[in-house]
Every structure is written in C-alpha cells, then in structure tokens.
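Undergrad: got a predicted model here, sequence first, then my questions.
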Amino acid sequence: MPMLSGAPPCRITLAVLTSVAAGLLVSCAPADGTPRATGAASADGPVVLDNCGFEVRLERPPEHVVTIKSSTTEMVLALGLRDHLVGAAFLDGPIPAGYGVTAEDLPVLSDKVPGQEAVLSTGTDLVYAGWESNFSPDGAGERESLRALGVATYVSPAACKEPGYQPDPLTFEALFAEITEAGRVLGAADAAAELVDEQRAELSKLQRSSAGLTALWYSSGEDIPYVGAGIGAPQMIMDAVGLVNVAADVHDTWTPMGWEEVVEADPDVIVLVDAAWNTAESKMESLEANPATARLSAVQAKRYLKIPFPAAEAGVRNVAAATDLAAQLAALRPVS
C-alpha cells in the first residue's frame, strides 16, 4: 500500500463500535511495535488488510488453510481451527501437548517450505506463512501469482521486515494485536479475543527478576553464534523475565555475534534454543569444550536456561515461554 511522501505511515483498522455496526478508521502506526497491517470491513463484509505491504482481501473466512512454520500452525490450532487445516509445512519441533494433536496427526506437506504445486493440490484458499521468504518462485509461490489463482496469502505481521511494517521493537501488545488480526483473517475473532485475555492474565502473573542479570540468547551456529538481538521475540521475552540482553544494542531481531564479543560480555546467564538439528545439550557441550567459552561465568556455573525453537519465534507460545524461563531463572543458583 503506497504512502504519501512525507506523511507518517498510516493504516486502515477495524473499530467495532457496537454489536450492530462497525466502521473503518484511519490511524497512524503506533511507536510501540503494534503491527501496522490491520484492517477489516464490517462484520458482514470482506476482510481487507495491508499485510507486510501486500493487500490481502478475503470475501469470507477461509475454509481450507495451509500453514508454513510452527508459529502459524500453532496459531490455527490455538484458535480451534484444526478442521480447516489442509496442509502444514516447515514445522520447527513437536506440537505442544495442550492442542491434543501431534505432528503425525496433521496433514504435513513438507519438512521445509512446500512448492506451489503441493500447496495448490490441497485446494487451499489461504496460505498462512511464518516468514515473508516462504513466498517465492521456488517456495510456496509468489503472493501475486497465488492471488491470481484465487489463493489468499497472509504473513505473520511480526515477521514483516520492511520499515513501517516490522515491529520495532516487538512487544507483547503487538503480539496480542497479531492474534486479534489472525482471528479476523481466519474467521475466529471470538476465539482470538479469548486467547488474548488468557495470555494477558498469564503474563500479568509472571514473576520478573530484579537481579539485573545479563544474558546471551544463543540460537545456533558454532564458528559464529547466531543470537537474539534488540528488537525481536528474544528481546521481548528477556525483557519480560528481567534479563539484560548482551546484544540489545543490535537493531535487528537476530544477529551473528563473534565469540570474542561473547567472551568480553561474559553473560551471567545463557539462554539455549533447543532445536532438533542443534540441541541445547549439544550447545552446552560445545561451550564447555571450547577453552575460550569454558571460562565464561555462565558456563562455569552452568547457568543455562532452555527454550524450544518454536517458542523462540513470535507467536502464541511466547507468553508461556516467558513464564517458563522466569521459573527456570528463579531456580538457578544465585550469582555471587
């Protein structure tokens, strides 16, 4: 959606005025990281929104949905729409037990990004992706070409990368706005509202540490670690639990960080992202075997926190992940 030169980024958002009427309001993008891509017509009309700079229009809620990445699959499950899921792909780990299904119960299309042919074979009317890059000629297809074929596309707003669309920084309020928007897109507004209320309540009970401990969010990489930076889900979660991110000054969601920088920062705590292809245990072994990192305060005291990979990306698991990390942090041996 083009913007006027010199004008602040604006969006069309849905204001539900009463149970009888709804209207469209124009508002400027807030500075708190709330997704810019929000908007809908009246309750009886189509959903129209600006999603990462791409106009999405749904005349009615989708009947058949394909999801790419765990974050979008779990959003569909959390909103109670399992029966609408005709294809899931690029799952980053096991499905949480609370949904009552496993990956084996889902119509999995591919371990990675599915091709357009596989996507279209499901008869889907919406492809819901966790990353913008999932839509490409050698991936699920370009968004414009899918639209021409009658298939709508939607990207998790937290994953938008362009200025004015990328949450900067990501906040829990932005995350709750994304859940609300996904509910409208998927025709599950009431379920989304209930989920947001539940997550707000859980977040309000989180016991935040006041110790001011520094932390490294170690996602992947051995020669050069890939770590959580200053504006994405890792920063949001660390802020919530009271950890000071040693890479907070990097204006990005994730960043490479040399081991020399890590050693110099000497974090009090290391958050280890647990992935099937790079487990938390393998990261511990690597840290303890490397003479340089073996001297780190966190390594010597084994002050490790663990988080599953799917919970490390923006999505419905972030509040539970923050609660769990806060409990792990409280159970660690105090820093002397």
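TA: Yep, it's here.
Undergrad: count of neighbours near the residue lying closest to residue 59 once chain neighbours are set aside?
TA: Leaving aside its chain neighbours, residue 59 sits nearest to residue 46 (4.7 Å; criterion: C-beta to C-beta, 6 or more residues apart in numbering). Just so you know, the C-beta spots here come from the backbone N, C-alpha and C atoms, and that holds for glycine as well. Close neighbours of residue 46, defined as other C-beta atoms under 10 Å, add up to 12.
Undergrad: residue ranges in the stretch 1-150 of the chain under the pLDDT threshold?
TA: By pLDDT under 70, the low-scoring segments of the stretch 1-150 of the chain are 1-45.
Undergrad: okay, helices next: where are they in it?
TA: For the stretch 1-150 of the chain, the helices defined by DSSP state H, counting those that start in this stretch cover 70-78, 116-120, 143-148.
Undergrad: now these as a markdown table including mean neighbour count and distance to residue 136?
TA: Compiled in a markdown table, those are given as follows (neighbours: other C-beta atoms under 10 Å; distance: least, C-beta to C-beta, whole Å):
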| stretch | mean neighbour count | distance to residue 136 |
| --- | --- | --- |
| helix 70-78 | 26 | 16 |
| helix 116-120 | 17 | 10 |
| helix 143-148 | 16 | 10 |
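Undergrad: would you check that residue 160 makes contact with residue 54?
TA: No - the criterion here is C-beta atoms under 8 Å, and residue 160 misses it with residue 54 at 9.6 Å.
Undergrad: and the residue nearest to residue 59, what does it touch?
TA: By C-beta atoms under 8 Å, 6 or more residues apart in numbering, the contact set of residue 46 is 40, 57, 58, 59, 60.
Undergrad: one more: residue 211?
TA: By C-beta under 8 Å, 6+ apart, the residues touching residue 211 are 242, 334, 335.
Undergrad: report the secondary structure state of the second one.
TA: Read it as residue 334. What DSSP: H, G, I helix; E, B strand; the rest coil gives for residue 334 is coil.
Undergrad: ramachandran angles for it?
TA: Note on residue 334: its backbone torsions stand at phi -60, psi 150 [degrees, to the nearest 10].
Undergrad: also the first one?
TA: Dihedral pair for residue 242: phi 90, psi 20, per degrees, to the nearest 10.
Undergrad: what about the helices in the stretch 151-300 of the chain?
TA: 172-185, 189-204, 233-241, 259-265, 280-289, 297-300.
Undergrad: which stretch among the ones you listed comes nearest residue 79?
TA: helix 189-204 (4.6 Å; C-beta to C-beta).
Undergrad: how close does the nearest residue to residue 235 once chain neighbours are set aside get to residue 293?
TA: Counting by C-beta to C-beta, 6+ apart, residue 235 lies nearest to residue 245, which is 5.6 Å off, once chain neighbours are set aside. Distance, residue 245 to residue 293, by C-beta to C-beta, to the nearest Å: 18 Å.
Undergrad: more neighbours: which of the two?
TA: Comparing residue 245 with residue 293 by other C-beta under 10 Å, the one with more neighbours is residue 245, at 23 against 17.
Undergrad: show me the contacts for that one.
TA: Counting by C-beta under 8 Å, 6+ apart, residue 245 touches 214, 215, 217, 228, 229, 230, 234, 235, 238, 239.
Undergrad: tell me the two of the residues you listed that are most distant?
TA: In the contacts of residue 245, the most distant members under the criterion C-beta to C-beta are 214 and 229, with 14.6 Å between them.
Undergrad: which one's more surrounded, the two?
TA: Between residue 214 and residue 229, counted using other C-beta under 10 Å, the more crowded position is residue 229 (22 against 18).
Undergrad: right, and that one touches residue 238 too?
TA: No - using C-beta under 8 Å, residue 229 is not in contact with residue 238, being 10.9 Å away.
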